[in-house]
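J.: model this:
(one chain, ligands or ions: 1)
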Amino acid sequence: MIGHQAQQEQMKEAIRSNRVAHGYCFEGPEAVGKKKMAFNFAMELLCRQGEGRCGVCHSCQMFAAGTHPDFHVYLPEGRSLKREQAERAIHELQIRSYEGGYKIFLFDDADKMTASAQNALLKSLEEPPPQTVIILVTANPQGLLPTIRSRVQSIRFYPVDEKELVAGLKNRGVDADTATKLARLSEGRPGHALSLLESKEFQALQEASEQALTYLLSPQSLKIVPFLALFEKRKGEADAILNDFLNFFRDVLVMQTTREEGRILNPARCIQVKETARRVSESAIYGIIEQIIQTKEQLRRNLNPTVGLQQMFRIIQEEISGNDRRHSF
Ligand SMILES: [Zn+2]
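T.: Predicted structure coming up:
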């Protein structure tokens with residue numbers, strides 16, 4: 001678990017002091033760690049070996065294997081979590097715990113429960129059978145009925161501090177530069193950082209984007225040939241590469257206005273960012289950003305991508321070299 005120390009402590013304290021609530025709502029941004037925390041909490045509630053989750057008792061083993069009979073997870077089926085699903089859960093709620101301890105019901109994306117499903121569940125929150133814990137997990141707590149919200153204890157999750165997230169990623173064997181980049185790209189959401197890292201395409205895309213940027217910043221207009229060839233080869237990722245360009249020029253602006261290296265999204269590019277910030281004027285950078293956004297829009301609308309990219313390449317090179325000329329006089 002990366003981050004959320006206070007929330008972890010709060011849940012542990014609830015178990016220690018035997019003050020576990022019947023209903024919780026874990027709320028906070030997507031992929032920030034709510035579900036991970038809900039799973040850990042459930043595993044600890046069910047563990048047979050005193051405090052924490054031992055990982056070796058029968059209960060922990062079943063939990064880890066996803067076969068614990070007293071832990072139930074409900075996800076939306078399709079776009080919503082329907083009344084039938086809530087009714088299945090309520091039926092299950094009435095049955096005594098198989099292992100003689102808690103019974104735990106986790107509703108992921110709980111805001112996707114239809115009003116009818118929420119109303120069905122409401123009664124169980126009002127008069128819960130003993131040792132039942134219902135955990136609602138949601139990035140959008142406003143999607144829950146006020147009557148539901150008033151009967152559960154809210155546990156709020158916030159983006160994880162950058163330093164903590166970087167440290168957590170480094171503990172998982174990620175190198176420092178990549179960890180910093182992932183932490184910033186994911187905006188403090190560990191789940192998002194990890195899924196970026198795990199996506200097979202992440203590294204390949206990084207390299208392609210790096211190469212494309214080098215062509216773009218090169219003073220030779222002939223580089224347009226390999227530039228277009230690269231986009232041709234990585235067709236499906238044009239938008240991601242353009243987003244990376246936007247991040248780069250955003251970094252250039254940040255460098256121009258704050259001179260703080262620590263704010264750069266991609267520290268591996270620090271030298272390139274500084275160099276561009278020195279060479280190109282602020283207004284030209286805004287022009288470039290505008291051009292990239294327009295090209296993204298053209299690609300999205302499926303207009304001839306080669307023409308759009310060609311135009312973008314020329315305009316950006318003009319902006320950059322125009323500035324060079326101005327500076328050399
Ligand atoms: Zn255990």
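
J.: Point out where the stretch 201-329 of the chain drops to low pLDDT.
T.: 201, 323-329 (pLDDT under 70).

J.: same thing but 80
T.: Applying pLDDT under 80 to the stretch 201-329 of the chain flags the ranges 201-203, 219, 235-237, 265-268, 302-303, 322-329.

J.: now the strands for it?
T.: Ranges of strands within the stretch 201-329 of the chain: none, based on DSSP state E, counting those that start in this stretch.

J.: Of all residues in it, which one is closest to the ion?
T.: Closest to the ion within the stretch 201-329 of the chain is Phe202: 34.6 Å, counting by Cβ to the ion. The C-beta positions use only the backbone N, C-alpha and C, and glycine is treated the same way.

J.: What helices and strands are in contact with the helix or strand hosting Ser59?
T.: In the assignment (DSSP states H and E), Ser59 maps to helix 58-65. Where contact means 3 or more Cβ pairs under 8 Å, 6 or more residues apart in numbering; DSSP states H and E, helix 58-65 is packed against helix 34-46.

J.: So what's the residue count around the closest residue to the ion within the stretch 101-250 of the chain?
T.: Going by Cβ to the ion, the ion is nearest to Gly101 of the stretch 101-250 of the chain, at 11.0 Å. Gly101 has 14 neighbours, counted by other Cβ atoms under 10 Å.

J.: contacting residues around stretch 82-99?
T.: Stretch 82-99 has contacts (Cβ atoms under 8 Å, 6 or more residues apart in numbering) with 46, 59, 68-70, 72, 74, 77, 103, 105, 107, 113-114, 116-118, 120-121, 123-124, 128-129, 131-132.

J.: Please repeat the previous calculation with a cut-off of 6 Å.
T.: Stretch 82-99 has contacts (Cβ atoms under 6 Å, 6 or more residues apart in numbering) with 69-70, 72, 74, 103, 105, 114, 116-117, 120-121, 124, 129, 132.

J.: Mind giving me the PyMOL select for those, buried ones only?
T.: One line in PyMOL is enough to select the buried ones among these; burial here means 16 or more other Cβ atoms under 10 Å:
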select buried, resi 70+72+74+103+105+114+117+120+121+124+132
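
J.: Let me know the closest of the contacts of stretch 82-99 to Val20.
T.: Thr132 (10.0 Å; Cβ to Cβ).

J.: I'd guessed the closest one sits against Tyr102; true?
T.: No. Between Thr132 and Tyr102 there is no contact under Cβ atoms under 6 Å: 7.3 Å.

J.: and the contacts of stretch 82-99, which of them are in strands?
T.: Among the contacts of stretch 82-99, the members found in strands (DSSP state E) are 72, 74, 103, 105, 132.

J.: Next one: the third one relative to Ile95, how far apart?
T.: I take that to be Lys103. 8 Å (Cβ to Cβ, to the nearest Å).

J.: Domain-wise, how is the protein divided?
T.: 5-158, 161-198, 201-328 (automatic domain parsing).

J.: Could you tell me the end-to-end distance of the second one?
T.: I take that to be domain 161-198. Terminal residues of domain 161-198 lie 21 Å apart, using Cα to Cα, to the nearest Å.

J.: pLDDT (mean, whole number) over that domain?
T.: Regarding domain 161-198, the rounded mean pLDDT is 89.

J.: buried residues in that domain?
T.: Neighbour counts over domain 161-198 (16+ other Cβ under 10 Å) mark 162, 164-166, 168-169, 174, 178-186, 188-194, 196-197 as buried.

J.: Phe26 and Lys34 touch, don't they?
T.: Yes. The pair Phe26 / Lys34 is scored as a contact, 4.1 Å apart, by Cβ under 6 Å.

J.: Leaving out sequence neighbours, find the closest residue to Thr180.
T.: Nearest residue to Thr180 in three dimensions, chain neighbours excluded: Pro267, at 5.1 Å (Cβ to Cβ, 6 or more residues apart in numbering).

J.: what number of residues lie near that neighbour?
T.: For Pro267, using other Cβ under 10 Å, the count is 17.

J.: Surely it and Asp177 touch.
T.: Yes. With contact defined as Cβ under 6 Å, Pro267 reaches Asp177; the gap is 5.4 Å.

J.: before we move on, back to that, is the helix holding Ser59 anywhere near the ion?
T.: Yes. Contact of helix 58-65 with the ion (Cβ under 5 Å from the ion) involves Cys60.
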